[in-house]
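[1] Let's see this in three dimensions:
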Amino acid sequence: MSFKDKIFKSQSPWGSEPGDNNGSGNTTQPPSLDEIIANIQKKINQFFPGGKSGGSKPIFLGLIILIFLWLASGLYRVLPDEQGVVLRFGKFIKTTQPGLNYHLPLPIERALTPKVTKVNRIDIGFRPASDNGRVSSVDNVPEESLMLTGDENIVDINYSVFWLIKDAEKFLFNIQSPVETVKAASETAMREVIARSEIQSILTEGRLQIETDVQEITQSILDEYGSGIQITQVQTQKADPPNQVIDSFRDVQAARADRERSKNEAEAYANDVIPRARGEAEKILQEADAYKKQVVAAAEGDASRFLAIYNEYKNAKKVTQERMYFETMEKVLADIDKVIIDKNSGQGVVPYLPLPELKKKGSTN
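    Residues are numbered from 1 along each chain as shown. The predicted structure is shown next:
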């Protein structure tokens, strides 16, 4: 049994270890306060022979109490959101997990307990002013927010960086001022990304990509420093032109919006007119093709009929001439009123056959 175990055992109020009942199974009754004090003094006298004199007993007793208090000072507690870091004479020894832990008392060892799950925030380009826990106003910081873009414009951008501790040892010993380091690294990353971006993209659809790029660059810088810091998010709060030219810039933006709207309307009109024009052109082409086929077919039919009549004419000229004459006269006289006079009927009253009246009467009957 070690010296330390002897001390702890000897200083038990009952003079023995808990559960030590000599195998009898009976529990020992707690002694009185006087017995406890006498037992402690007896043990002290055993370790310190000179302690038999009555004047030295309080000194040795106080010394033992101080030793116990000194040893007990090595107890420390690590909360669930913390990580324990043990230092021995200022040098890192180990890390401890949440719970009750022990290190050698001061000045030999000491423990630090940084919060490793707390998300910290740094605002760059502005400083929010709070009133009873609510943000009442924002103070702009031009030396941080004004940046030069890739197309030689100036943008006024405010953003926030969120970070936490991922390695307590590196966080405590590799960097002296974590907040200033994160701020400087993120500002450097933002200026680099803005310097290669155009202002139109920064003010509109490119902000998400800017946040991602700034987070990656900031994290790489902090990893090179061995900072033990993890960047969780970069969030842009505002991205505008400088206040001196913001009205003019908005006029330019409005003009660009009008241009885009007119362009879209023109494209919509073109998308409506061009298909209809193509349809009309296709219709005309199809009608022309049909007319061509009709004319060619009619011409071929007339030519075939002429050839047929000509062949018949060669075989029977007189009959063909009469038939052509009668057919022609039938076509010519079909739709006109006709009066027939028979010149061979003799002299006197001219024989008259009113064919139109007879035709009308026949049609009415």
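
[2] Pull the contacting residues for Gln230.
    Going by CB atoms under 8 Å, 6 or more residues apart in numbering, Gln230 touches Trp163, Leu164, Ile165, Lys166, Gln219. Placement of C-beta: from N, CA and C, glycine included.

[3] if you set the cut-off to 6 Å instead, what comes out?
    Counting by CB atoms under 6 Å, 6 or more residues apart in numbering, Gln230 touches Leu164, Lys166.

[4] cool, and the one 10 residues further on?
    Contact analysis of Asp240 by CB under 6 Å, 6+ apart lists Asp156.

[5] how about 10 Å then?
    If you count contacts by CB atoms under 10 Å, 6 or more residues apart in numbering, Asp240 has them with Ser145, Val155, Asp156, Ile157, Asn158, Ile202, Leu203, Ile246, Phe249, Arg250.

[6] What of Thr212?
    Here Thr212 is in contact with Val193, Val234 (CB under 10 Å, 6+ apart).

[7] So it belongs to a strand, correct?
    No. Looking at Thr212 with DSSP: H, G, I helix; E, B strand; the rest coil, it is helix, so not inside a strand.

[8] Next one, pLDDT for it please.
    Per-residue confidence (pLDDT) for Thr212: 91.

[9] So among the contacts of Asp240, which ones count as buried?
    Among the contacts of Asp240, the ones that count as buried by 16 or more other CB atoms under 10 Å are Ser145, Val155, Asp156, Ile157, Asn158, Ile202, Leu203, Phe249.

[10] and the contacts of Asp240 as TSV, adding secondary structure, pLDDT and distance to Phe306?
    What follows is the contacts of Asp240, written out as TSV (DSSP: H, G, I helix; E, B strand; the rest coil; pLDDT from 0 to 100; distance: CB to CB, whole Å):
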residue	secondary structure	pLDDT	distance to Phe306
Ser145	helix	86	96
Val155	strand	86	88
Asp156	strand	87	92
Ile157	strand	89	91
Asn158	strand	90	94
Ile202	helix	85	84
Leu203	helix	83	82
Ile246	helix	69	88
Phe249	helix	71	83
Arg250	helix	73	82
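
[11] hmm, back to that, which members of the buried ones among the contacts of Asp240 define the maximum pairwise distance?
    Asn158 and Phe249 (16.9 Å; CB to CB).

[12] Need the mean per-residue confidence for stretch 220-237.
    For stretch 220-237, mean pLDDT rounds to 90.

[13] Check the separation of the first and last residues in it.
    Across stretch 220-237, the terminal residues are separated by 23 Å (CA to CA, to the nearest Å).

[14] got the contact list for stretch 319-336?
    Residues contacting stretch 319-336 (CB under 10 Å, 6+ apart): Ile309, Tyr310, Asn311, Glu312, Tyr313, Lys314, Ala316, Pro356.
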